[in-house]
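Novice: Mind folding the following:
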Amino acid sequence: FISRVLVVFGTQKRSNSPMSGPNTFFDDNVLERQDSIPWQNQTSIVRSPEERDPGELPALPTAMEEGEEEEPKEVVAVFNANTQDGSRVVRAFSKVGSSVIAIVRVFTSRKSKALMKLPNVTVRVADRHDELSVKKALVGVDRAVLCLTYWERFQTLSEKQQAILVLQACVANGVNNLIFSTFEDTKQLRLKGMKSQIIPDSEGRVHPEFRRMKEVKKMAREEKVQLTHMITSFLDEEISKKSLCLIVGENGKVIVGNHS
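Specialist: Numbers count the residues shown, from 1 in each chain. Here you go, the predicted model:
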């Protein structure tokens, strides 16, 4: 289901179109929630593809005509790729045919070696606290993804500093599209007595504000780097596999996509 969400980010080189989210659909097979507010109420913030300005969406792959040359694959860099969440993103982009640069701290680790075996994946090493190595890791990249612990805030000052370094590296390499990606496993949250980061109001609407990320968001705007926030909340069990993805682009509108 993750690859179906990520495919909306396109496979074309250097797309400058603002990205707002997937071709959204909504049905009754929604993620189980811990409160009484049905996710069906989220339809109030979901717009169909027909209702959107075409300029809001990235170009999606189209069937090639005979004699037409194949477009170069988009190169996507994924930071924190050897974490559980990072490896999910790497596998998803690999599955949809993007050329993936998996950026890790330790090249010889078991997780890094597993990434090397994936199709379309190259592993690069970068110290997340070293500006030069982060910049080198983004050479030749079209889009960057930074996997974070939380959706609306940085977990630590160190994570914030890493986000700033990645943003600066994007600017240095002409990468104008950066995604902050977060995952949450609702089964694990229940086992730990925790709640989802996606908190709707009494009308079922979600209003992410990203106040504790405002410094980095301001930097991105000033440097003309398109910053997108994405959270995927999923239930992954043998008898039930569901996911709910929220994407917020520069215009602040929330796009919802759910899969089962």
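
Novice: Next, count neighbours for residue 99.
Specialist: For residue 99, the neighbour count with other CB atoms under 10 Å is 20. In short, each C-beta sits where N, CA and C put it, glycine included.

Novice: residue boundaries of the strands in the stretch 151-260 of the chain?
Specialist: Here the stretch 151-260 of the chain has its strands, by DSSP state E, counting those that start in this stretch, at 177-185, 226-236, 241-248, 254-259.

Novice: So which bits of the longest one are buried?
Specialist: Buried residues in strand 226-236, defined by neighbour count with 16 or more other CB atoms under 10 Å: 226, 227, 228, 229, 230, 231, 232, 233, 234, 235.

Novice: Do you know the pLDDT at the closest residue to the first one other than its chain neighbours?
Specialist: If you skip the residues right next to it in sequence, residue 226 has residue 177 as its closest partner in space, 5.0 Å away by CB to CB, 6 or more residues apart in numbering. Each residue has a pLDDT score; the one for residue 177 is 95.

Novice: Next: residue 252.
Specialist: So residue 252 comes in at 85 (pLDDT).

Novice: mind checking how far it is from residue 244?
Specialist: Distance, residue 252 to residue 244, using CB to CB, to the nearest Å: 19 Å.

Novice: With residue 144 instead?
Specialist: Counting by CB to CB, the gap from residue 144 to residue 244 is 24 Å.

Novice: pLDDT on stretch 98-115, on average?
Specialist: Rounded mean pLDDT across stretch 98-115 is 91.

Novice: and what of stretch 118-129?
Specialist: Averaged over stretch 118-129, pLDDT sits at 92.

Novice: Compute the first-to-last residue distance for it.
Specialist: 27 Å (CA to CA, to the nearest Å).

Novice: Contacts for it next, please.
Specialist: Stretch 118-129 is contacted by residues 73, 77, 79-81, 90-91, 93-94, 97-107, 112, 115-116, 133-134, 136-137, 158, 161-162, 165 when judged by CB atoms under 8 Å, 6 or more residues apart in numbering.

Novice: Which of those are buried, as a ChimeraX select command?
Specialist: The following ChimeraX line selects those of the contacts of stretch 118-129 that are buried, judged by 16+ other CB under 10 Å:
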select :77,79,80,81,90,91,93,94,98,99,100,101,102,103,104,105,112,115,133,134,137,162,165
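
Novice: Show the contacting residues for residue 155.
Specialist: By CB under 8 Å, 6+ apart, the contact set of residue 155 is 148, 149.

Novice: roughly how far apart are it and residue 182?
Specialist: Taking CB to CB, one finds residue 155 at 10 Å from residue 182.

Novice: what is in contact with these two at once?
Specialist: What both residue 155 and residue 182 touch, as defined by CB under 8 Å, 6+ apart, is the set 148, 149.

Novice: Any regions of this structure where pLDDT drops low?
Specialist: Applying pLDDT under 70 to the chain flags the ranges 1-72, 236-241, 258-260.

Novice: shouldn't residue 140 be in contact with residue 75?
Specialist: Yes: Residue 140 is in contact with residue 75 according to CB atoms under 8 Å; the separation is 6.0 Å.

Novice: which of those two has more neighbours?
Specialist: Taking other CB under 10 Å, residue 140 and residue 75 do not tie; residue 75 has more neighbours (22 against 10).
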